[in-house]
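Chemist: Structure for the following, please:
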Amino acid sequence: MDKAANVIGEEESLRERSRRRAELVLILAFWTFAILMLSLRAMLIDIAPLSVLGPRRLFAAIVGTFLCLAAARLLRALRNRSFPERVVWGVMGAFVMAVILTTCTMLLNRVILPVPELGELDFAESAQWALVWLGYFLAWTGTHLALTYHWESQDHQRRAALLARTTREAQMAALRYQLSPHFLFNTLNSISSLVGEERNEDAETMLLNLATFIRSTLTDEPGGTISLREEIELQRLYLAIEQARFGERLKVEIELPLQLTGVRVPALILQPLVENAVHHGVARSEAPMTIRIAAADRGDRVSLVVEDDGGPPPAGTGTGLGLANVRARLLAQFDGEGSLEAGQRPEGGYRAELLFPRKAG
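Modeler: Numbers count the residues shown, from 1 in each chain. As a prediction, the model looks like this:
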């Protein structure tokens, strides 16, 4: 968890630095463009030569750059405010920056380093330049706000996706952990029964298979997926545990086409279905029973069938919790596109079929 948090923190830090660089590039590009436009204007209509006014335009661009950096910092500090409120602040800032830049340039050109060709300070001319700078600052503010809105939309989408993913993983983990105590209790109860019947070799085999099964399941992420081949192997281990108890009364048939071995499925998705078949079938009858696990290709979907040829589940025992668990995990893993159909077979026994989108590993 700490490692994942560190990775997310590093990504956010890199993203923040990248955005600060983008802001700086935007400001520099904007004022480079402003210098070119003002120089073109000077060549066409200004009285003083470009050699005189050029450095002064550069001074104006430098002052404007620092004003935009300050405005960007202010808007960044206000990012927790509503967007309309930030627009208001941005427009007000544009007015303030226009006044400041106009004051600076007028003081430079008329007081500090006066240009004779420009004449004396005139209020109308100052107002005209204030409007010119206001246009520039409003253009920059609008561009900056549009860019930050785009970034915030990306962050919102990223957080929504992360929340959906972590919620789904938490749900999957909870559903999977719900299975473990039930399965472990039944297996230990079976081992106890074997010991009580003095079938020590069978009990030892069952314990070894149980250890292998638990070790295999604990290596996977609780809410993650595994290949269908790995899922089938886990069920082979589980059924080997039960065969140590029931012997010839339990037979197993497995059909897994080669092209489906890499398909991703939720870990232990078949466990409740296989467990139901064992405990509502062979455990309640002395007659031999066959459990069949079969995968089939349905184009862009995969079919997984778990069925047995035993009798119907005894009244009052039910299989609702296991089926509900499988159905919930399918819906969570495949965004509502997975389904489960289950019921008694006409020829006897029980059949459950999972259908879900095909996702290769």
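Chemist: chain center to stretch 88-102, what's the gap?
Modeler: Chain-centre distance of stretch 88-102: 40 Å, with Cα atoms, centre = their mean, to the nearest Å.
Chemist: Tell me which residues are up against it.
Modeler: 60, 63-64, 67-68, 71, 74-75, 78, 81, 126, 129-131, 133-134, 136-138, 140-142, 144-145 (Cβ atoms under 8 Å, 6 or more residues apart in numbering). For every residue, glycine as well, the C-beta is placed using N, CA and C.
Chemist: Just the buried subset of those, please.
Modeler: 60, 63-64, 67-68, 71, 75, 126, 129-130, 133-134, 136-138, 140-141, 144-145 (16 or more other Cβ atoms under 10 Å).
Chemist: Run through the helices of the stretch 251-361 of the chain in chain order.
Modeler: 271-280, 320-333 (DSSP state H, counting those that start in this stretch).
Chemist: where does the last one sit relative to the chain's centre, distance-wise?
Modeler: In terms of Cα atoms, centre = their mean, the gap separating the centre of helix 320-333 from the centre of its chain is 22 Å.
Chemist: ranges for the strands of the stretch 201-350 of the chain?
Modeler: In the stretch 201-350 of the chain, the strands defined using DSSP state E, counting those that start in this stretch lie at 225-227, 250-255, 264-266, 289-298, 301-308, 339-344, 350-357.
Chemist: Show me what the second one is packed up against.
Modeler: For strand 250-255, the contact count by 3 or more Cβ pairs under 8 Å, 6 or more residues apart in numbering; DSSP states H and E identifies helix 228-246, strand 289-298 as packing neighbours.
Chemist: Let's have the ones you listed in TSV, adding mean pLDDT and distance to Thr212.
Modeler: Shown next, in TSV, are these (pLDDT from 0 to 100; distance: least, Cβ to Cβ, whole Å):
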stretch	mean pLDDT	distance to Thr212
helix 228-246	86	6
strand 289-298	94	19
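Chemist: Of the ones you listed, which stretch is the most buried?
Modeler: With neighbours defined as mean count of other Cβ atoms under 10 Å, the helices and strands packed on strand 250-255 peak in mean count at helix 228-246, which reaches a mean of 21.
Chemist: can you give me the angle that helix makes with strand 289-298?
Modeler: Angle of helix 228-246 versus strand 289-298, following axes from the mean of the first three to the mean of the last three Cα atoms, to 10 degrees, is 170 degrees.
Chemist: which residues of the stretch 151-300 of the chain score low on pLDDT?
Modeler: 162-183, 216-224, 283 (pLDDT under 70).
Chemist: looking at this, Leu67 is in a helix?
Modeler: Yes: remark: Leu67 belongs to a helix, assigned using DSSP: H, G, I helix; E, B strand; the rest coil.
Chemist: Nearest residue to it in space, please, no chain neighbours.
Modeler: Met97 (4.4 Å; Cβ to Cβ, 6 or more residues apart in numbering).
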